[in-house]
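K.L.:
How does the following fold in three dimensions:
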Amino acid sequence: MTRRILITDIAWPDLEIEKEVLAAVDGEVMLAGDGTPEEIIALAPQADAILTCWKDVPAEALDIAPHCQMVSRYGIGLDNIPIGRATELGMLVTNVPDFCLEEVSDHVMALLLATARQLFPLARTPERSGWTRETPRPIPRVKGQTLGLIGFGNIARALVPKALGFGLRVIAYTPRLRPQDAPQGVEVTNDLSEMLAASDYVSIHCPLTEETAHLINDAALAQMKSDALLINTSRGGVIDEEALTRALRDGRIGGAALDVTDPEPPSADNPLLTLENVIVTPHAAFYSVAATAELARKAAENVVTVLRGEVPKTVVNAKVLDQENCRLVR
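P.N.:
As a prediction, this is how the structure comes out:
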């Protein structure tokens, strides 16, 4: 029996890996064009499973997909999937929690070093005003400074040994970990204000939820050091960008390095794109050839597992398995 898998969007050139994996269940791929809500909704009634990368999966699409057993996320974050509605309908939701750990943690260190060492002003200087070491701000010694982490999931944990290797002190803000259970070399606090006040670099690693939306706002920025640097490779919505712009313009923090914005892509008139003390990369921290190939395979394997009537290891709404309307056919 042919199984139809709706793919809302991808961030790589083709679907060859997915097609190879899905062949195990006679899977037929339906790609939703530009991934607009209308295209996703139009194809949803035919879907036995949905694979999604960055596009929002409308709750309406799930409502009209009577045969859909699951939604598989290409990636870690789940803010583009209506998990509550999927659970109500008996659909499993999965992700790939070990995706791009090395790539994103490398990107954080690259952004940290680029901002600390002010590589962009130094690199632009020769063509602008001759051979000079003048920079907008004094360049600190990285060793001995403090890196604060907001959230302490897999990516933050992968970052720790790299940060320690540069001689940084590491403090993690996480309400879900007791200090005595912290890995060696990491201080843990459940007091965000304490961490912000102590950090020379603040790196965001929490998911975007109702609780974390605009977590970094005027009040949080006011608690940071005046020369501190803010790094975000998580989700743009964790930061109130208007508040961040004000803090940067007023010199209340030293700079920012952002791989994510809200919305994406940022509008051409977004003031963050013009500030001298800001680096913006295009949501590329996840990328490497190896990482995207691994992601495509693992996300598709989650689909195959469900369509075979088995439970994937990365179900994020496990309570659905005990519901009478669970669509997993075992």
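
K.L.:
Point out where the chain drops to low pLDDT.
P.N.:
125-129 (pLDDT under 70).

K.L.:
Let me see the domain layout of it.
P.N.:
3-99+289-322, 101-280 (automatic domain parsing).

K.L.:
Got phi/psi on A65?
P.N.:
Main-chain torsions, A65, degrees, to the nearest 10: phi -120, psi 80.

K.L.:
which SS state does the closest residue to it other than its chain neighbours fall under?
P.N.:
By the measure of C-beta to C-beta, 6 or more residues apart in numbering, the closest residue to A65 outside its immediate chain neighbours is A44, 4.2 Å from it. For every residue, glycine as well, the C-beta is placed using N, CA and C. Under DSSP: H, G, I helix; E, B strand; the rest coil, A44 falls in the helix class.

K.L.:
need the contact list for A44.
P.N.:
Applying C-beta atoms under 8 Å, 6 or more residues apart in numbering, we find A44 in contact with L6, I50, A61, L62, I64, A65, C68.

K.L.:
let's see 10 Å
P.N.:
Counting by C-beta atoms under 10 Å, 6 or more residues apart in numbering, A44 touches 6, 8, 30, 32, 50, 57-58, 60-68.

K.L.:
Just the buried subset of those residues, written out for ChimeraX, thanks.
P.N.:
This is how ChimeraX selects the buried members of the contacts of A44, with burial counted by 16 or more other C-beta atoms under 10 Å:
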select :6,8,30,32,50,57,58,61,62,65,68
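
K.L.:
Keep only those of the contacts of A44 that are in strands.
P.N.:
Among the contacts of A44, the members falling in strands are L6, M30, I50 (criterion: DSSP state E).

K.L.:
could those residues go into CSV alongside distance to L92?
P.N.:
Shown next, in CSV, are those (distance: C-beta to C-beta, whole Å):
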residue, distance to L92
L6, 15
M30, 19
I50, 11
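
K.L.:
which residues touch whatever helix or strand V21 lives in?
P.N.:
Counting by DSSP states H and E, the element that carries V21 is helix 16-22. Applying C-beta under 10 Å, 6+ apart, the external contacts of helix 16-22 come out as 3, 5, 7, 10, 12, 15, 27-29, 31, 49, 51, 74, 292-304, 307.

K.L.:
Please indicate which of the residues you listed are buried?
P.N.:
For the contacts of helix 16-22, buried by 16+ other C-beta under 10 Å: 3, 5, 7, 10, 12, 15, 27, 31, 49, 51, 74, 292, 294-296, 298-304, 307.

K.L.:
These in strands, which ones?
P.N.:
Going by DSSP E, the strands hold R3, I5, I7, G27, L31, A49, L51 from the buried ones among the contacts of helix 16-22.

K.L.:
Might one say that the fifth one is in contact with I50?
P.N.:
No. Taking C-beta atoms under 10 Å as the definition, L31 is not a contact partner of I50, at 11.7 Å.

K.L.:
any common contacting residues for these two?
P.N.:
Common neighbours of L31 and I50 (C-beta under 10 Å, 6+ apart) are I5, L6, I7, T8, L43.

K.L.:
S199: which of these is nearest?
P.N.:
Using C-beta to C-beta, T8 comes nearest to S199 of these, at 37.0 Å.

K.L.:
could you measure that closest one against M224, distance?
P.N.:
Separation of T8 from M224 (C-beta to C-beta, to the nearest Å): 37 Å.

K.L.:
Quick one: distance of the helix holding V21 to the chain centre.
P.N.:
From the chain centre to the centre of helix 16-22 is a distance of 24 Å (C-alpha atoms, centre = their mean, to the nearest Å).

K.L.:
Same question for stretch 106-113.
P.N.:
15 Å.

K.L.:
And for stretch 36-51?
P.N.:
24 Å.

K.L.:
Can you show me the CA trace of that stretch as CSV?
P.N.:
Once non-C-alpha atoms are left out, stretch 36-51 reads as follows in CSV (Å, rounded to 0.1, in the frame of the first residue of the first chain):
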residue,chain,number,x,y,z
THR,A,36,2.2,28.3,2.1
PRO,A,37,-0.6,27.5,4.5
GLU,A,38,-3.0,27.1,1.6
GLU,A,39,-0.7,24.5,-0.1
ILE,A,40,-0.2,22.5,3.1
ILE,A,41,-4.0,22.5,3.7
ALA,A,42,-4.7,21.4,0.2
LEU,A,43,-2.5,18.4,0.4
ALA,A,44,-3.1,17.4,4.0
PRO,A,45,-6.2,15.2,3.4
GLN,A,46,-4.1,12.8,1.4
ALA,A,47,-1.2,12.6,4.0
ASP,A,48,-0.4,9.6,6.1
ALA,A,49,2.4,11.6,7.7
ILE,A,50,3.8,15.1,7.6
LEU,A,51,7.5,16.2,7.5
